[in-house]
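Visitor: Got a sequence here, can you build the structure:
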Amino acid sequence: MNIEVGFLVSIDALKVIKTKYRRLMKAIILGDDQIAMIGSWVTIMDCADRQAHRFRLVESIESQGVYPKDLPIDSSLGLALLASKPGDYIKLSIGGEESGIVILSITNNKVGAKGPGSIIKSQADKRPPRPLQ
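Guide: So this is what the prediction gives:
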């Protein structure tokens, strides 16, 4: 089997990807709502100008349903924010100048939830557990 990757990834970049993957898997399994994933609203502070910015991470930008604050994870900043946690520092290099951002907060809204981060209870959750047979 021939696979042509088309780009080289450094050992450091692979370590970052591995860490992000572990964070995402752990968050999904344990239900951690403080990890940035697709659909998350991420508030960051730009260390260069001390301004706060808020973005919603999306899979990709499509012509329908695009909001000005949507940030696709296939962009450099979107990928950097993916699997981040509040308090994380991300170093940026733009146009030869280095700066960074700090993750201030992450909000994950559950579908059908009454408020940010609320847990949805279905009717099945309210019934007593059935004995094992």
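
Visitor: show me where this structure has helices.
Guide: For the chain, the helices defined by DSSP state H cover 11-30, 76-81, 123-126.

Visitor: Which among those helices is found nearest to Lys69?
Guide: helix 76-81 (11.8 Å; Cβ to Cβ). Where C-beta positions appear, they are placed from N, C-alpha and C, glycine not excepted.

Visitor: Just the pLDDT at Asp70, thanks.
Guide: Looking at Asp70, its pLDDT reads 91.

Visitor: let me fix that: Lys110
Guide: Looking at Lys110, its pLDDT is 61.

Visitor: Also Ser63?
Guide: On the pLDDT scale, Ser63 is placed at 59.

Visitor: again, but for Gly87
Guide: You'll see Gly87 listed with a pLDDT of 95.

Visitor: Contacts only, for it.
Guide: Taking Cβ atoms under 8 Å, 6 or more residues apart in numbering as the criterion, Gly87 is in contact with 102-103.

Visitor: related to what we said a few turns ago, just send the helices of the chain back as TSV, with mean pLDDT too.
Guide: Putting those into TSV (pLDDT from 0 to 100) gives the following:
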stretch	mean pLDDT
helix 11-30	88
helix 76-81	90
helix 123-126	44
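
Visitor: Deepest-packed of those helices, please.
Guide: Compared across these, helix 76-81 shows the largest average neighbour count, a mean of 18 (mean count of other Cβ atoms under 10 Å).

Visitor: Any buried residues in stretch 37-52, and which?
Guide: Burial within stretch 37-52, assessed by neighbour count using 16 or more other Cβ atoms under 10 Å, is assigned to 37, 40-42, 44.

Visitor: Show the end-to-end separation of that stretch, please.
Guide: 19 Å (Cα to Cα, to the nearest Å).
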